[in-house]
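Predicted model and sequence follow; I will ask about them next.
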There are 2 protein chains.
Amino acid sequence: MKQNNFLYLLNDALQNQNIQLALDSVKTFKAVDLADILSQLPLDSAQLLLINLPQRAYVFSYLAPEVQVKIGNGLSRADLAEIIGEMSSDKRADVFKQLDLEQQNALWPALAQAEREDIRQLAQHAEGTAGAIMSSEYAMLTAELNVAEAIQMLRFEAPDTETIYVAYVVDQARKLLGVVSLKQLILASEDTLIRDLMTTDIIFVTTDTDNDQVAKIISRYDLLALPIIDEQGTMVGIVTYDDAMDVARDEATEDFLKSSAVNASSKLSIKTAPIFQLYKKRVFWLVVLVFGSLLSGIGIAHFEGIISKNIVLVFFLPLLVGSGGNAGAQSATLMVRALATGDVVAKDWVFLMLKETLVALTLGLTMAAAVSILGFYRGGEMVALVLALSMMGIVLLGCLIGTSLPFILNLLKLDPASASAPLVTSICDATGVLVYLYIASQLLSL
Amino acid sequence: MKQNNFLYLLNDALQNQNIQLALDSVKTFKAVDLADILSQLPLDSAQLLLINLPQRAYVFSYLAPEVQVKIGNGLSRADLAEIIGEMSSDKRADVFKQLDLEQQNALWPALAQAEREDIRQLAQHAEGTAGAIMSSEYAMLTAELNVAEAIQMLRFEAPDTETIYVAYVVDQARKLLGVVSLKQLILASEDTLIRDLMTTDIIFVTTDTDNDQVAKIISRYDLLALPIIDEQGTMVGIVTYDDAMDVARDEATEDFLKSSAVNASSKLSIKTAPIFQLYKKRVFWLVVLVFGSLLSGIGIAHFEGIISKNIVLVFFLPLLVGSGGNAGAQSATLMVRALATGDVVAKDWVFLMLKETLVALTLGLTMAAAVSILGFYRGGEMVALVLALSMMGIVLLGCLIGTSLPFILNLLKLDPASASAPLVTSICDATGVLVYLYIASQLLSL
C-alpha cells in the first residue's frame, strides 16, 4: 500500500514536469530498487525519470530485458546511445542483442568507435559461455611497475573497470602473467615491484567455457573475478562474482523447472509471461508423457483377463505403480543434483548403482511390509504375497531407472536435468504395471 | 588416474616422513584443492600433512564437517587448539559445534579468551539465521579519521578481517553510522574525512534474519559483504558474498531435493552418506505417499461396478490420472521457484489463480483433443466424450491444486518447497480417479 501511494505521488510529480521533486524523492534508492520503480511507472513517466537520473546507465542495466526494450524505444536516439555508451561492456552487449536489426542500425552510428568494437567482440561468443557474460572492463597492470605506480594506475583506471580489487598483470601481447589484489598492494611497501608481488598460479578459463562451470569455479575458489582468455592465450575479459551469483541462480531455476518437465529458461516469470508462452513451455512434455502413460494402458489391456477375474487388483494399482514412480523420482533427483554440483562424476556409476540397489532393497522391504498388510486384510494371503513381491520389484526397478537415466543422458551429452520426475515416473509406471500384473497372473487364478 | 598416482606418491612421501618433499609437491595448490587431497589421503598422512601446511587453518576450514572431526580427533590438543584459533570466527564456531561435549571441554582451556568469547557469541544464534553464518571479523573505522589515517588503520586491521574492501564506520557504542569502500578511499584525497565520504544509506539485516534472505539481499545489491546488527542496533558481524553463494547453492539444492520428496539437507552426499541415512531421508515420504495412493484405490473400489462393465476404462486410467498429476507438478514447481526467488508474493495469489485457469484450459483442450481421438478409436464416441470431459476437468483441477498448495503452505509459515511433485501428483491422482470415474458412471451404461 505504501509502495503504491509513493508511486502515485512520484508519477504525479513527473506528469507535472516537477523533475527536481521526483529526483529528490528517489535520492536514497539503490539502482536495483530504482529499476523496480521504473518498471511500475507508466511508460512516459518512466522515460522522463530515467533520462534525468544521475546513475541512469547503471539503473537501466538492472531493468528486465523486455522493459529495457519498451523504455528504450521511447527515448530519443541520442539519449539511448548515451545511456548504452555509459553502460558496462557486458550489459551493453546484452541490451544490444535485444534490439531488432532496424534499431541496431539506427543506433550504431551514434555509438563511439570503442563501444562498437566491444559489442562486436562480445557478440561473437555463444550464449551460455564465459565469452557471452564476460566484461571487457578490467584493471590491467604491467609487471615492471612498483606498488605506488600500480595504485596510481588503478586510480586512473577505476572509472572504466568493473572492479579495482583485482588487477591482472599482462605483457605487451596481453598474455596473462599474474594477478594482484588491491589488498596485496595496500599491504606491500611502495617500492615493491608488481613482478615480485603478483600471484602466478592463476585460475582462469577460456571464452567457450560453460557459464555454470564459471560460476562453480568462482564459488569454489571464493574469487572476486575470474579472468577469461581466448584460444591464443590473450586476456579478453573477466566475469565478476555478482554475475556468477546470477548465473548460479538461473541454472538452479532451470534445473528446478526441468525437474517437473517445464522447458523454461530462468527468465520466464509466471507473473509477467503471456499465457501462450506458459502454455508452450508446458504442453510439449505433457503430450509426450500422455504417450508414456499409454504404455501403462497397453500393459493393463494385455492383462485384462486377470484384472476382470480379480478386480481387487485395480484397488492396489495406483499404490504399487505410484510407489515405483515416487522412488524413481527421488533417485533421479538426487543424481541430477549430485551431477550438477559436481559431487558425482560419470565414473562413479557402477559404485552408485550398487549402493542404490542396497538402498532400494531397504526401501522396498519397508514398503512391501506396509502394503502386504493392507493386501492381506483386503484380499487374503495370496494377494498379500503378490503385493509384497511386486512392491519389492517395482521399487528396485524404479530406483535403478531413476539412478541410470541422468547418467545415460550425461553420457549422451544431454542435460541430466531432462530426467525429470514426470519422465522417470512415467517410465517407472509402465514398468510397474507389467511387473505387478505379471506376478499376479502367475500367482493368482485366472 | 593422474590424481590417483599423485596421491600415491604424496602418501609415500608422508609415510617416510619426507615432509619437505610433500610440502613442495602441493605448493601451488589452492586451499580448497588441498582440502580435497586431505580428504582422500589415509588418516595419518592427512594429519601429518595438515599440521605442516603453512595455511593449515584455512585449509582445515574447507574440509567437510565429518572429515574435520575425523582428522581433528587424531591431532594433539595443542595442534587442534592452534588450528582452531587461527581460523576465521565463523568457521571456528562451525567446527566447535561439530565436536562432542567432551572434546569441547578438553579444547576450551587451550583457546584464547577472545576466541572463547567469540564462539560463545556466535553459538547463541539459531541455525539458518544470519547470526549463525556471520563472521565477527570485519574492518571498523571511526567517522573522525581522514582517508590517509583510515587506509593506515585498514592495513593494521587486515590480518584479522575477512575483507578490507568494505569498512564499517561505527560510533563508541558500535552503532553503525556508515559504510565506506576501499575503492572510495583510494579515489578520495588523503585529507577527506570519513564522515564526509561514507555512504549513510546502509543496507543491513539483524542476526535473526533468514539465511536465504541474506543471500538474496547480497545478490540483489551486488554487495561484497552485508553488515549484521543485533536488536540494540549494535554492529555484531558481516556475511561475505562467498558465504552467501554457498547459502544460495545449499538452498537451491534443498528445494530441488524436496521437489522429489527427499527430506535432505544440502550436506547429504549420495556418494559418502551411509545407506541407512539415505534410507531414512527417503522412506518417510514414500510411506506417506502410499497412503495418498490409497485414496485413489478407495476411489476405484467405489466405482468397481462401472469398471467391470467397461473394462476399457482401465486402459485409460493411468493416462488420465497421470496427466493431472503431471500438470499439477508443473504448476507447483513454477510456483515454488517463483516464491523462492521472490518473483511472486502472497498477494499475487488471486491474479495467478485466474491466469493459471486460462493456461490450464488451453492445456486441457489440447490434451482432451489428443485423448479423445484415442478413445474414439478404442471405445466409440461415448468413451471419447467421457475422456475429453475428464481430461479437461482433471488438468484444470491439477493445475489449480498445484498452484494453491505452495501458497497455502506459505500462508501456514511452512516451506512452500514441501509441495513436492510427488505430493501434488498423489493428491491430483486421487482427484483424477474420482473425476474420471464419476463422469464415466454418469455417461456410460452400468
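All right, it came through fine.

Check which helix or strand residue A:169 maps to.
strand A:166-170 (DSSP states H and E).

partners of that strand in the sheet?
In the sheet, strand A:166-170 lines up against strand A:139-141 (parallel), strand A:176-181 (antiparallel) (DSSP bridges).

can you list the residues that contact the next helix or strand after the longest one?
The C-terminal neighbour of strand A:176-181 among helices and strands, as given by DSSP H and E, is helix A:182-187. Residues lying outside helix A:182-187 but in contact with it, judged by C-beta atoms under 8 Å, 6 or more residues apart in numbering or on different chains, are A:147, A:150-151, A:154, A:164-167, A:197, B:151, B:154-155, B:158, B:164-165, B:182, B:186. Bear in mind the C-beta positions are built from the backbone N, C-alpha and C, glycine included.

For helix A:182-187, list every residue counted as buried.
A:182, A:183, A:184, A:185, A:186, A:187 (16 or more other C-beta atoms under 10 Å in any protein chain shown).

Low-confidence stretches in the stretch 251-400 of chain A?
A:264-267 (pLDDT under 70).

Disregarding flanking residues, what is the spatial nearest neighbour of residue A:70?
Sequence neighbours aside, residue A:43 is the residue nearest to residue A:70 in space, at 6.6 Å (criterion: C-beta to C-beta, 6 or more residues apart in numbering or on different chains).

residues touching the one you found, list them.
Contacts of residue A:43 (C-beta under 8 Å, 6+ apart): A:70, A:71, A:74.

10 Å instead, please
By C-beta atoms under 10 Å, 6 or more residues apart in numbering or on different chains, the contact set of residue A:43 is A:67, A:70, A:71, A:73, A:74.

Just give me the neighbour total for the second one.
A count of neighbours around residue A:70, defined by other C-beta atoms under 10 Å in any protein chain shown, yields 15.

quick one, what contacts the residue in the stretch 51-200 of chain A that chain B sits nearest to?
Across the stretch 51-200 of chain A, no residue is closer to chain B than residue A:165, which sits at 5.3 Å (C-beta to the nearest C-beta). Residues near residue A:165 by C-beta under 10 Å, 6+ apart: A:139, A:154, A:181-183, A:185, A:224-225, A:240, B:163-165, B:181-183, B:186, B:224.

Also residue A:229?
Contacts of residue A:229 (C-beta under 10 Å, 6+ apart): A:130, A:174-176, A:202, A:204-207, A:209, A:235-237.

before we move on, the earlier item: would you list the contacts of residue A:43 in CSV and tack on secondary structure?
Formatted as CSV, the contacts of residue A:43 follow (DSSP: H, G, I helix; E, B strand; the rest coil):
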residue, secondary structure
A:67, helix
A:70, helix
A:71, helix
A:73, helix
A:74, helix
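
What distance do you get for the closest residue to residue A:46 other than its chain neighbours to chain B?
Leaving aside its chain neighbours, residue A:46 sits nearest to residue A:38 (4.5 Å; criterion: C-beta to C-beta, 6+ apart). From residue A:38 over to chain B the distance is 16 Å, taken as C-beta to the nearest C-beta, to the nearest Å.

got it, and residue A:270?
Taking C-beta to the nearest C-beta, one finds residue A:270 at 5 Å from chain B.

Make sure that residue is indeed in a strand.
No. Using three-state DSSP, the assignment for residue A:270 is coil, not a strand.

Tell me if residue A:235 really is in a helix.
No. Per three-state DSSP, residue A:235 lies outside any helix segment and is strand.

close to chain B, is stretch A:350-357?
Yes. Stretch A:350-357 lies within reach of chain B by C-beta under 10 Å from any C-beta of the partner chain, at A:351, A:352, A:355, A:356, A:357.

ok, those residues vs residue B:246, which is closest?
residue A:352 (24.6 Å; C-beta to C-beta).
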